[in-house]
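> Sharing a model that was predicted from the sequence below.
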Amino acid sequence: MLDHAPSPQRLVTVAAALERIDLGLAGEEAVTLAGTVRRLVADYLLPRVADPDADLVVAVVGVSGAGKSTLINSLARRRLSAAGARRPTTTEPVAWGPGTLPATLDAMRRRLPGRMVDTLLPPPPGVVLVDTPPPDVRDITGRAVCHDLLDVSDACILVTAANRYADAAGFELARRAADRGVQTVFVLNRLPPTPELQRVLVGDFAGKLARSGLLADADPERIIAIAEGVISAERDGLASEAVLALRKHLDRIADPTERAAVIAATVQGTTSQVAAALVVVRTALITAAARRVELGDSVRLAYSSAGGTVAEAVRSGAFAEIKDDPEALSAALAAATARRAGRAALRSADRWERLGATTRAALFTHGGETPQTARERFEWWQSDLPRLATELSGRKVRPKRAERLTAAARAAVFDPAHQPDRRQRRLLRRYPGLIAAAAERLTDELAGIVATDSTRFSSGLGPALPPGVLAELDLEEPR
């Protein structure tokens, strides 16, 4: 059992929540962190929490030429991994252990090339050692293969050569392990044979690690020192006694009690890293959601005002002079609707530009289809007046009356001061409520056309945050 570890169910919830959200507006940092969280949860925490007693995975990492493969061959006393002058020598991971891989590595094997080596002389029981490619070897997505392997490991052996121990790449690997709380043993390999020079180099390396915060103090005893030696042609490795200190380290962490402690510490460190990353992701999502509301509100307010202005123009009789000319009315309504939509678009785009949002030139005016849509909806409104009259009164409008009724209703809607003649009054009395309903329907149509023009801004808002997802992006169980 792993105390204080997230439950598998909670980890599944977090992984599923990350798949539900679109991080496009959350910022580059949140996108990167979310990707890290996905990998750590799916590839390490879930399988490790589900099977805490599985073999301890130890990643052997280091820059090209550090001698990782030679050391593994030395520990195994046979050639497991290619070693030589070619750089990089290891281009695919090689796992050395028993016949069955732990779930963390098994999931990785389906994504990465590499092989499992089962030998007559395996590592200490309960341990799997993985020889990793150097950081400059990447998969088809451009990710460093050793980073992915390090992210699913429980412990780490960082190997560096005496002539390259100051390389930044090696310290970056150590930092990546430390960020997850991974226990790391540092091996300074290929040291010159002179003991005095060895002490100087080991002390300097320990000092650099301490100043970088990777060691608690600059204690040379924390470094496993391995001198340059004769490489056996048969096994591509050093003599067994050359790696005795490293073998003792593996024996120590293979002890069931120590192994459990190492795994628990790594799970705890990984959980802390994931929890901290989720805080950043949630904060970014909240900020993005607030920004989405701010951008959306500016558009909604501008277009709502514009739609109201068009409706008010109809109600106030602004088109009264042309009430009896359907063609002129259609053109005037189309122009007025487009003009108001254009003003709303300009206000919205200006606001977005001031807020630093992405805008296109087309957003600074109304959509090209808006005038034609206004014409079509006005023509539909006119043609539907007889049906509306029937719906309100229950009386069917005879074809001979339809044209006269349409003209009378249109005049009354567009001219509040219109005085219908006797025949029109008698006709309109047969269909009570028609004028008010027709006016309301027309103003709704025009306001709707203006509002529809605003949908051109929707793509710039990005997707809405799924409901409840923020609560799911938390390793803490809900109370």
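Here it is on my side, so go on.
> Any stretches of the stretch 101-250 of the chain with poor pLDDT?
107-120, 233-234 (pLDDT under 70).
> let's see 80
Scanning the stretch 101-250 of the chain with the threshold set as pLDDT under 80 gives 101, 106-122, 230-236.
> quick one, helices of it?
103-109, 145-151, 168-179, 195-211, 244-254 (DSSP state H, counting those that start in this stretch).
> Need the winner for burial among these.
helix 145-151 (a mean of 23; mean count of other Cβ atoms under 10 Å). Every residue, glycine included, has its C-beta placed from N, CA and C.
> How far off centre is the helix or strand hosting Ala288?
Ala288 belongs to helix 256-315 when assigned by DSSP states H and E. Helix 256-315 has its average C-alpha position 11 Å from the chain's average C-alpha position, going by Cα atoms, centre = their mean, to the nearest Å.
> His452 and Thr373 touch, don't they?
I think there's a mix-up here, since residue 452 is Thr and not His. Yes. Counting by Cβ atoms under 8 Å, Thr452 does reach Thr373; the two are 7.2 Å apart.
> Would you mind telling me which of these two has the busier surroundings?
Thr373 (19 against 16; other Cβ atoms under 10 Å).
> On the three-state scheme, the more buried one is what?
helix (DSSP: H, G, I helix; E, B strand; the rest coil).
> now swap in Glu353 and tell me
helix.
> Pull the contacting residues for the closest residue in space to it that isn't next to it in sequence.
The shortest distance from Glu353 to any non-neighbouring residue, by Cβ to Cβ, 6 or more residues apart in numbering, is to Thr359 (5.4 Å). Residues in contact with Thr359 (Cβ atoms under 8 Å, 6 or more residues apart in numbering) are 349, 352-353, 460.
> do you know how far the closest residue to Ala177 other than its chain neighbours is from Pro98?
Leaving out its chain neighbours, the residue that sits closest to Ala177 by Cβ to Cβ, 6+ apart is Cys156, at 4.4 Å. Going from Cys156 to Pro98 by Cβ to Cβ, to the nearest Å gives 20 Å.
> Neighbour count: these two, which is higher?
Neighbours per residue, other Cβ under 10 Å: of Cys156 and Pro98, the larger number sits with Cys156, 26 against 16.
> Any figure for the gap between the more buried one and Lys396?
86 Å.
> List the contacts of the residue nearest to Ala30 when sequence neighbours are not counted.
Of all residues not flanking Ala30 in the chain, Ala284 sits nearest, at 3.6 Å (Cβ to Cβ, 6+ apart). By Cβ under 8 Å, 6+ apart, the residues touching Ala284 are 23, 26-27, 29-30.
> Name the member of those residues with the most neighbours.
Ala26 (25 neighbours).
> tell me the secondary structure for it?
coil.
> Then the one 5 residues further on?
Assigned state for Val31: helix (three-state reduction, three-state DSSP).
> Touching, it and Leu23? I think so.
Yes. With contact defined as Cβ under 8 Å, Val31 and Leu23 form a contacting pair (4.7 Å).
> Please report how far the nearest residue to Pro124 once chain neighbours are set aside lies from Gly67.
Spatial nearest neighbour of Pro124, chain neighbours left out: Ala254 (3.5 Å); criterion: Cβ to Cβ, 6+ apart. Applying Cβ to Cβ, the value for Ala254 to Gly67 is 23 Å.
> Pro416 now?
In terms of Cβ to Cβ, Pro416 sits 93 Å off from Gly67.
> With Ser232 instead?
14 Å.
> So for the two, which sits in the more crowded spot?
Gly67 (24 against 16).
> Bridged to the closest residue to the more buried one other than its chain neighbours, which residues?
Nearest non-adjacent residue to Gly67, counting by Cβ to Cβ, 6+ apart: Asn189, 4.4 Å away. With DSSP bridges as the criterion, Asn189 is bridged to Ala161.
> Confirm for me that Asn189 is in contact with Ala66.
Yes. Using Cβ under 8 Å, Asn189 makes contact with Ala66 at a distance of 6.1 Å.
> Sweet, I'm off.
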